[in-house]
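Q: Provided below for reference: sequence and predicted model.
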Amino acid sequence: ANAQYHDDFFRYAAHYGESAARQYYGAWSPPEGTPNPYGNASPEAAAAAVAAAGKGGGEAAPAPAPATAAAAASASGATATAKDSSVRQGVSNLPAWMTKK
């Protein structure tokens with residue numbers, strides 16, 4: 001029975017963090033230091049990694065990629081002319097009983 005609680009605990013911890021999981025599951029929590037089989041992607045671990053990277057004097061974050069011309073055109077409201085190249089024009093993907101009129 002404990003194995004199922006531990007599995008639930010680890011899934012909860014991976015999403016909300018280990019401290020929140022220990023508070024929620026209480027005595028049903030696995031011993032501290034037990035590795036999480038779903039990874040160590042807890043919010044506390046992520047925050048610690050960000051803090052460590054910020055203090056290390058490492059490189060700055062890369063700049064976002066520049067917008068493409070197509071993305072800029074669609075954002076400005078310009079409509080792109082697209083031609084339907086389908087050879088199945090007039091044929092529906094729906095079953096026949098759904099397309100009968």
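A: Yep, that arrived.
Q: so the nearest residue to Ala21 once chain neighbours are set aside is in which element?
A: Leaving aside its sequence neighbours, Ala21 sits nearest to Ala13 (Cβ to Cβ, 6 or more residues apart in numbering; 3.8 Å). No exception for glycine: its C-beta is placed from N, CA and C like everyone else's. Following DSSP states H and E, one finds Ala13 within helix 2-16.
Q: what residues of that helix count as buried?
A: Within helix 2-16, the residues scored as buried using 16 or more other Cβ atoms under 10 Å are 6, 9-10, 12-14.
Q: go through the residues you listed and name the one nearest Ser86.
A: Ala14 (44.0 Å; Cβ to Cβ).
Q: I'd like the next helix or strand past the least confident helix or strand in the chain by mean pLDDT.
A: One helix or strand of the chain scores below all others by mean pLDDT, DSSP states H and E: helix 69-75, with a mean of 55. Counting by DSSP H and E, the element after helix 69-75 in chain order, helix or strand, is helix 96-99.
Q: show me what that next one packs onto, helices and strands only.
A: Applying 3 or more Cβ pairs under 8 Å, 6 or more residues apart in numbering; DSSP states H and E, one finds that helix 96-99 contacts no other helix or strand.
Q: what about Glu32, which SS state?
A: Classification of Glu32 by DSSP: H, G, I helix; E, B strand; the rest coil places it in coil.
Q: where does the prediction get shaky in the protein?
A: 1, 40-80, 84, 101 (pLDDT under 70).
Q: tell me the secondary structure for Ala27?
A: On the three-state scheme (three-state DSSP), Ala27 is labelled helix.
Q: alright, calling it a day.
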